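Asks: my questions are about this predicted structure, shown below with the sequence.
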Amino acid sequence: MKSLTDARALPVSTRDPASLARFERALRSWHLSDGNAAAAIDEMLAHAPHFAMAHCLRAADRLLGAEVLRQPDAAALIRPIEEGAHGANERERRHAAAARAGFEGNAALALERYGDLVVDYPRDSVALQMAHAFDFRLGHREMLRDRIAGVLPHWDERMPGFAHVLGMYAFGLEETGDYEQAERIGRRSLALEPRNAAAIHGIAHVMEMQGRAQEGIAWLQATRPTWAANGGFSIHNAWHLALFQIDV
């Protein structure tokens, strides 16, 4: 049996459809930042301990959630891929190399490697989210917009993860001052994926930058059931809500 491709037509090293289905569920949870991704990734790896892309997703999850970027001990997560285990393909080995740079504290190199993956595989949503995160950490404001804009022609609404790509684009537009477009794209993202707390956050940013404090309060209160339980945005959106309340 040949290796499979994922829901975005990207090659993966597994030949097991059940493993790939678990990967897709874990990936969606990771993009949603719903607090369940780590458990879903552990379950996936328990079922398929030799699935290279599953290890790459676990490494990305560890990097994305790191308060301190340098984590030399975490390099063990991707060492089997580097050593040729698990039958990793070229894309998965490059993911491992990007994660290695992040774990060693070299954010610029991690960004370069994830960014190169995005160029070669524009529908690789793991590489895209990681490059977006490192763009933010390193203060590359225009790239928060332009990197996402560059891949949009390769995506459409039929592809899982498209709503999250739009959510990232909305944030990049907001960070570069295109508030009207940012809100429009953010709302489109939410129409496709109502649980996307990142898009809720991007729209809140727009309202804050435009001085729309009353609207911001109403917006975050109306969407609280989504973001209040979100692992990535619960505290941050509560902070935005407090800022709006100070402003009125």
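Replies: Okay, I see it.
Asks: the longest helix seen in the chain - contacts with which helices or strands?
Replies: Identified as the longest helix of the chain according to DSSP state H is helix 17-32. If you count contacts as 3 or more CB pairs under 8 Å, 6 or more residues apart in numbering; DSSP states H and E, helix 17-32 packs onto helix 37-47, helix 52-64, helix 125-137. All C-beta spots, glycine's among them, are computed from the backbone N, C-alpha and C.
Asks: run the chain-centre distance for the last one.
Replies: Same thing as helix 125-137. 7 Å (CA atoms, centre = their mean, to the nearest Å).
Asks: which residues sit against that helix?
Replies: Here helix 125-137 makes contact (CB atoms under 8 Å, 6 or more residues apart in numbering) with 8, 27, 30-31, 56-57, 60, 63-64, 69, 95, 98, 102, 107, 110-111, 114-115, 117-118, 121-122, 143-144, 147-148, 151, 161, 164-165, 168, 172.
Asks: what's the angle from the longest helix of the chain to helix 125-137?
Replies: Per axes from the mean of the first three to the mean of the last three CA atoms, to 10 degrees, the angle that helix 17-32 makes with helix 125-137 is 20 degrees.
Asks: so for helix 17-32, mean pLDDT?
Replies: Averaged over helix 17-32, pLDDT sits at 95.
Asks: do you know how far residue 64 is from residue 193?
Replies: Residue 64 sits 18 Å away from residue 193, going by CB to CB, to the nearest Å.
Asks: what's residue 106 sitting at in phi/psi?
Replies: Main-chain torsions, residue 106, degrees, to the nearest 10: phi -100, psi 80.
Asks: number of nearby residues for residue 90?
Replies: Residue 90: 10 surrounding residues under other CB atoms under 10 Å.
Asks: and for residue 229?
Replies: Residues lying near residue 229 (other CB under 10 Å) number 13.
Asks: counting by contacts, list what the helix or strand of the chain with the lowest mean pLDDT packs against.
Replies: Across the helices and strands of the chain, mean pLDDT, DSSP states H and E gives its lowest value to helix 79-82, namely a mean of 81. Applying 3+ CB pairs under 8 Å, 6+ apart, one finds that helix 79-82 contacts helix 52-64, helix 90-103.
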